[in-house]
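Enquirer: Okay, structure incoming, though there's no sequence with it:
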Ligand SMILES: C[S@@+](CC[C@H](N)C(=O)[O-])C[C@H]1O[C@@H](n2cnc3c(N)ncnc32)[C@H](O)[C@@H]1O
């Protein structure tokens, strides 16, 4: 039931968020190859930014989202293969992928270090990991105090999502040749997730 509610919630959130993310995602996804590995695509919130005719390999452990992903891919003129596994252990071969995408992913995974190790393993040299994530607000801020207060109930309500995750730290510790991070504030009334980053990491 939690997963089913999650699919419905993700579709609602996509409708709410897409306007806020549009400019950022258009820039982030401006130059994509025609084959994309996306981790945790949920209901396919990013598919509208991929060039028509692209092929997406979607790693999505929530099987209840798979039919929505297939439908969204068809609607956007994409072909898709869906793999129901976790990004902590990817089936792809080492150094075989040009671009990996993950948005609002690293907040939700069990082990961000393991996921980023896998991302670095499967990317070819020069390959890119593109991400948008909500992150822990600056430590002494009122926003951070609220994130700490709400973290427990938030985790139970949103399938393990961690409001206080230090995602920038995980990205900088991973084995990328270059890590580009921009901080921004998402203009959403859902205030615990206003602190966000957009990341462009090169292997
Ligand atoms: C908050 S949703 C974000 C969905 C979508 N990427 C977006 O930007 O709207 C988190 C997604 O990550 C998936 N997920 C959670 N843990 C995962 C893991 N260990 N490996 C891969 N995906 C995971 C969830 O099933 C869900 O689809």
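Expert: Perfect, thanks for sending it. Note that the structure is a prediction, hence the values are computed from the model and not measured. Numbering: from 1, shown residues only.
Enquirer: Got phi/psi on residue 10?
Expert: Here is the backbone geometry of residue 10 (degrees, to the nearest 10): phi -60, psi -40.
Enquirer: so it touches residue 43, yeah?
Expert: Yes: Residue 10 is within contact range of residue 43, at 4.8 Å (criterion: CB atoms under 8 Å). In this view, the C-beta of every residue, glycine as well, is placed from N, C-alpha and C.
Enquirer: what residues are shared contacts of those two?
Expert: Common contacts of residue 10 and residue 43, defined by CB atoms under 8 Å, 6 or more residues apart in numbering, comprise residue 65.
Enquirer: Which residues does the longest strand belonging to the chain contact?
Expert: Scanning the chain for the strand with the most residues, using DSSP state E, yields strand 123-134. Strand 123-134 has contacts (CB under 8 Å, 6+ apart) with 21, 24-25, 28-29, 95-107, 116, 119-120, 163, 165, 167, 171, 176-177, 186, 192-203.
Enquirer: Intersect the residues you listed with the contacts of the ligand.
Expert: With CB under 6 Å from any ligand atom as the criterion, the contacts of strand 123-134 include 103-105 near the ligand.
Enquirer: Check these for burial and list the buried ones.
Expert: Burial by neighbour count, 16 or more other CB atoms under 10 Å: within these this picks out 103-105.
Enquirer: Now do the contacts for residue 192.
Expert: Contact analysis of residue 192 by CB under 8 Å, 6+ apart lists 134, 143, 146-147, 150, 154, 163.
Enquirer: Identify each buried residue in the lowest-mean-pLDDT helix or strand in the chain, please.
Expert: The weakest-scoring helix or strand in the chain, judged by mean pLDDT, DSSP states H and E, is helix 2-28 (a mean of 85). Of the residues in helix 2-28, 6-7, 10-11, 13-14, 17, 21, 24-25, 28 count as buried by neighbour count, 16+ other CB under 10 Å.
Enquirer: Tell me the helix or strand right after that helix.
Expert: Proceeding N to C from helix 2-28, the next assigned helix or strand is strand 35-39, under DSSP states H and E.
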